[in-house]
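**Student:** Sequence and predicted model, in that order:
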Amino acid sequence: MSCSIAYVNTGSRPWLIVLAFISFFFILSCGDEAGDSYKLTNIGAIIDVNSRVGKEEKVAMQIAVQDFNNAYQNHKLSLHFQDRERDPLRAASAAEKLVKEKKVKVIIGMERWGEATIVADIGNRVRVPVLSLAEPAITPPLMPVRWPFLVRMTNHRAEQLKCIAALVGSYNWKRVIVIYEDDENGGDTGDLTLFSEALQDIGSEIECRLVLPPFSYLTNPKEFVQEELEKLIRIQSRVFIVLHSSASMVIHLFREAKEMGFVGKDSVWIISDTITNSLDSFNSSVISSMEGALGIKPYFSEISSSYSNFKGQFKTTFRAQYPEEDSSDPGIYALKAYDSIITVTQGINKMTSEDSNASVLIENILSSNSTGLSGEISFKEGRLLQTPRLRIINLLGKKYKELDFWQPEFGFSKSLDARENNSRKSLASAVIWPGDLSKDPKGWALPTDSNPLKIAVPGQTSFETFVKVNQYENRLTYDGFCIELFKEVLKVLGYDLPYEFHPVNGTYDELVQSVYNKTYDAVVGDVTIRPNRTKIVEFTEPYTESALSMVVPVKSEESALMFLRPFTWRMWVVTGAILIYTMLIVWLLENKQNPEFNGPLPDQISTALWFTFSSLFFAHRDKIYSNLTRVVVVVWLFVVLIVNSSYTASLSSMLTVQRLKPTVTDIEWLKRNNLKVGCDGSLNVRNYLKNVLNFKTENILNVNSEYEYQVKFKNNIIAAAFFELPYAKVFITHYCKGYTATTPTYRFAGLGFVFQKGSPIVADFSEAILKLSGNGVLKSLEEQWFATSPQCSANATNNETESLSHNETESLSHSSFWDLYLIYGAISTICSIIFLVRLLRNYRHDRLDASQSNIASSKRSIWSEMVILAKYTCNREGMQNPARVITFAGAQDANEWNSSRWEYANSSEITDDLQESSEADTEMQYIPVKNPGCVTIPNCNRSPCRIEIEREQTQLGGLGFVFQKGSPIVADFSKAILKLSENGVLKSLEEQWFTPSPECSANATNKETESLSLSSF
C-alpha cells in the first residue's frame, strides 16, 4: 500500500490548517482499520541493482510478490530492496538495516558466497531465514550446524566444473589456462581445487592461472588486461577456461584477447554460467568478439504454461523499468529469484498463529517439495537436491546456439529423455570454433613461419648413424636415421609444421630438461623413453624397440683336433663299443667254419677286428662262410653307411664354414672374474648394470664413441660392451667379423621423439609413426641406415647357412636312429643265439657218439665240462673229429692267415650241418669307391640344398592394455611398465611364463649343437 503526501501553502488561509489535521487523523484511522483487515509480511532482498542479474532478480521478485498479493486478500507481502554495491561490508550493513528498520522476516539474494556467509551470520543472530543465490565450490563442514538459517537456492557448483572438464577431455586437450576475476575476499580457491581434480581425472592439468582483480579496483582496465594477456604469449596452451567474472571484466577480456590474437585459429574459449547468464546484456559487438566460444548454461524448461505466463509479465515489466536493455528475456537468476519468493510464501502458508516463529518458517522452507520455474524445489542439507542439467551453447555472430545437454550420470546427449539412451562422451552437434573453423582445434599454439617449432638435436652422439650434424662453412646440415624419420612423419601429418633445428651439446637428460623448461619445443634424436623423463615431458610412440644387448669379441673354433668335432665323446665311445660288439659277433660266427680265423686266439681276434674296422670304409675282402654272419654284416654295413655319411656331412660343414665362438657367453662369468665392461655413459644403461645386473661401479667404463669400443676391446681394457639394441645393431653392422651380440633379454621402452607436456602434436606424431611402420616406410629407413657392408652381408649369409647346419645337426636326434640301433642289436644277438643253440646241439651229439665208440671218459666236474665246451667252440676240428676234442680237450691245428682279401663263399657249398666248405669257391668281385663318404651335391645354390630364412623386421604398434580415451590411468600404467622393465621385474615375469621346455632350452643354449650327439644314433 502506498501513501502520497501533498504539501500546501497555509499562510493565506488559516482555516485550511484545521482541514489538514482532520484529514490526517482520518487517514490514520483508515490505515488502522486497513491494517487490521490483512496480515503484512516484510521480505528483504540484497542485490546488485545496477547489474543485469540484479535487474532481472528485482523484476522477478516483484512479479512473485504481486502474484501472491493478488491471490490472497488477508495476507500481503511487502518487498524491500537494498543495493550491496559489490561490497560484502555493504551487504552486511544492508542486512542490518533490513532487520532493524524494515522488520523483515526473510532475506533473499546475494550472488556471491562471501556476501552470503556474512548475511547468514546476521540471520543466525537475529533468527531470520536467509535464502542465498550463491553456492560454494567446496561445501564447508557442518554447514547446517554453522548456519542453520541459511538456505541455498542453487545446485552443487562442482557438477558444472565436471562438465567443463568433460568438454576438455572429449577433445583430448591436455593443458588449459584458467582465468577468473578475484572477488573482494581473495578469490574462489574452491573452484580451482575442484576443477583441478576434475582435470586430473581425465589426464589434463592447469598450466597457468590468470587472476584478474575486481573490476571496480581498476582505473585503466584495458591497459591492465593487455599486460596480463601478454604473460600468456610464451605459453603454448590455447585452451582458455573463464571460471567466473563480472560482465564488465569479460567485455574487456575478450576485446583485448581478440586484438592480441588469442581468439583465433586453434584456440578454445569455454565460459561458465556466471558469464553465460549475462549474455543477454551484451551488445552485438561484445558477442562478436566472443564468437566461437563454448558456454555452460543451466537448463530449465520453457514449455510449461507457468513459464509462459511469467515470461510475458517479465518482458512487459522489464521493458518498462529498463528500456535501455537490449534483451528482456529472463535468465536463470530471474527464475531462481521468483522461486525463492514462492518457496517463502509456501513456508508462510504452512504456519499457524500458534507457531509463527523463525524456526518453524525455516523448517517449512526446507521441507518444500514442489516444481518451480527453475526446476524441482526440494532441499537436502540446506541445498537444492535436484541434480543440475546443463546445456552447452556455442556463441555465433550476435547470438548463441544451443548444442548438447550434459548430465553427471549420463554425460553428453542430444536430449534429456533417458529412454533414447543417446549418451556419449563427446559433443554430437557441430561446433563453430574461433576463427570460423569447423575443424576441432588443437588447443595449442601451433608453429608458424614467423614462430617455427624450435627443435633441439643432439650435437654429439655416440653413433652418428642416428643423428649427425655437419657444418659446411657457415651452414649446418642434419642427417641420420632420426632426421629422415622426422621428415617422413611431416609428410603424413596432414598439416604444415614449420620448424628449425638447433644443435645442443649436452647429455640426453639435459636435452629433455630443455624441453621441460620450454627452451625448446621438442627433441628429435635417439632419446630413450624412461619413467623419470615421462614425468616432465611427453614421448611419441617408440619408433624402434630397445633392450639391453651384450657385445663381445669372437674367436675362431678351428683346431688340430677338428676331425673329432663331428661326434661328441659319448658318441665316439658308443661307436667304439658297437665296433667291438660287432667284432665279437663275427668271430663267434666265423671261427668254427672260416679258415681265415684259424690259428691262435689272438690271431683270430685280430682277424675279426680287422674285418670289422675295414667294413667302416667298405674295404673288407674276406670270405664269409656263415649265413648268420652275412645277416649281421648286412645290417652292420647299413648302420656304417648312415654313421659315415653323417660324420662326413658334419665335418664338411665345419671345414667349409668359418665358425666363430664368442669369448664371453655368461654375464655371471664376467662378474665372477671381476672383468670390466663398457657402455655409452647413458644413465639408463649404467644404472641397469649397477642396480639390476649387480656390476661393480669401478668395473663399468664409459665409452664416448663407437670407434673407441674397438680400441678398448683390442687392448683388453673391456671384456664386453653393453648397448641398447639399436646401437648394438649399428655396431655389429660395422664390425661384424670380430664381434657378436647376444640375444637381448633386458627390455627397455624404446626410442622416441620428445615434446612438451600436453602438446597435441605428440598424438599426431605417434599416429604417423604407426602409419609408417604399417606401410613399410619405417622398415625401409632401417634397411637404408642400418644396412650391413658386403663383407658383413656375406658373413650374415654364412651365419644363416651355419645356423641351418646346426638345425639339421640337431634334427639327428635320439628318436631318429633308435629303431636302427635296436634292429641291428636284435639281429646280431639273434644270430649269435642261433649259432650257440646249434653248437650246443652238435656238442651233445658228438659227445654221445664218443661214448658209444667206447672212448674213455671219466666223470668230470661242471668246470671241466665248461672248459671242454669252450675248447670245442674254439677248435675248428671239433666238427670233423669230435672224439678227439672231447677226449683230449685241447689239441687243435693252427692255420696261418695268408689271404690278402676276403672272399664271399657260395652259399650252396655250405651245408646246414656246418660242414667245412670245399675249395671250389665262387669269388665275388669287390669294386672300391673313390673318396668314400664324400657326397657332391650339384646346384648348391638351389633349394633344398640352401635355405635362406628371412626374418621380418617390420615393427608394429606392439601389445598393450586398453583404457578409455583420455583415461589418466594410461599414463600411470605406462610409467609402471617402464619401471618394471628397468628393475628387471618384467624380465622375471617373461622368464616365468615363457620358460621353454628342457629340450628347447638345450636348443636355445646351443650346447653340443656343433657335434652329433649320442641320442642321434
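**Tutor:** In hand now; what should we look at? Numbering: from 1, shown residues only.
**Student:** which strands and helices sit next to the helix or strand harbouring Thr648?
**Tutor:** Counting by DSSP states H and E, the element that carries Thr648 is helix 627-656. Packing contacts for helix 627-656, counted by 3 or more C-beta pairs under 8 Å, 6 or more residues apart in numbering; DSSP states H and E, involve helix 569-590, helix 601-615, helix 790-811, helix 814-852. For every residue, glycine as well, the C-beta is placed using N, CA and C.
**Student:** let's go with 7 Å and repeat that
**Tutor:** Under the contact criterion of 3 or more C-beta pairs under 7 Å, 6 or more residues apart in numbering; DSSP states H and E, helix 627-656 touches helix 569-590, helix 601-615, helix 814-852.
**Student:** pLDDT averaged over the shortest one - what is it?
**Tutor:** Meaning helix 601-615. The predicted model gives helix 601-615 an average pLDDT of 77.
**Student:** Give the full set of residues in contact with the closest residue to Arg112 other than its chain neighbours.
**Tutor:** Spatial nearest neighbour of Arg112, excluding adjacent residues (C-beta to C-beta, 6 or more residues apart in numbering): Ala134 at 5.5 Å. Listed by C-beta atoms under 7 Å, 6 or more residues apart in numbering, the contact set of Ala134 reads 110-113, 116, 154.
**Student:** Tell me which two in those are the farthest apart.
**Tutor:** Arg112 and Thr154 (12.0 Å; C-beta to C-beta).
**Student:** low-scoring stretches of the stretch 401-550 of the chain, by residue?
**Tutor:** 418-423 (pLDDT under 70).
**Student:** hang on, I meant the stretch 651-800 of the chain
**Tutor:** Ranges of the stretch 651-800 of the chain meeting pLDDT under 70: 654-663, 665, 681-682, 743-746, 788-800.
**Student:** Where do the helices of it begin and end?
**Tutor:** Listed in chain order, the helices found in the stretch 651-800 of the chain under DSSP state H, counting those that start in this stretch are 667-672, 683-687, 706-714, 725-734, 761-774, 777-785, 790-811.
**Student:** now the angle between helix 777-785 and the fifth one, please.
**Tutor:** Comparing the axes of helix 761-774 and helix 777-785 via axes from the mean of the first three to the mean of the last three C-alpha atoms, to 10 degrees yields an angle of 70 degrees.
**Student:** Work out the gap between helix 761-774 and the centre of the chain.
**Tutor:** Distance of helix 761-774 from the chain centroid (C-alpha atoms, centre = their mean, to the nearest Å) equals 15 Å.
**Student:** Buried residues of it, list them for me.
**Tutor:** 761-770, 772-773 (16 or more other C-beta atoms under 10 Å).
**Student:** Repeat that for the third one.
**Tutor:** For helix 706-714, the buried set under the neighbour-count rule, 16+ other C-beta under 10 Å, comprises 706, 708-710, 712-713.
**Student:** from the buried residues of helix 761-774, which single one is nearest Tyr307?
**Tutor:** Nearest to Tyr307 out of these is Ala763 (C-beta to C-beta; 44.9 Å).
**Student:** what's the closest non-adjacent residue to that closest one?
**Tutor:** Once flanking residues are discounted, Ala763 sits nearest to Asn172: 6.8 Å by C-beta to C-beta, 6+ apart.
**Student:** I'd like to know how many residues surround that neighbour.
**Tutor:** A count of nearby residues for Asn172, using other C-beta atoms under 10 Å, gives 17.
**Student:** Use 54 as the first number for this chain going forward.
**Tutor:** OK, 54 is where the count begins now, so the last one is Asn225.
**Student:** as a whole number, average confidence for stretch 916-935?
**Tutor:** Stretch 916-935 shows a mean pLDDT of 58.
**Student:** returning to that earlier point: any chance of TSV for the buried residues of helix 759-767, columns distance to Phe534?
**Tutor:** Formatted as TSV, the buried residues of helix 759-767 follow (distance: C-beta to C-beta, whole Å):
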residue	distance to Phe534
Glu759	14
Glu761	21
Tyr762	19
Gln763	21
Lys765	25
Phe766	25
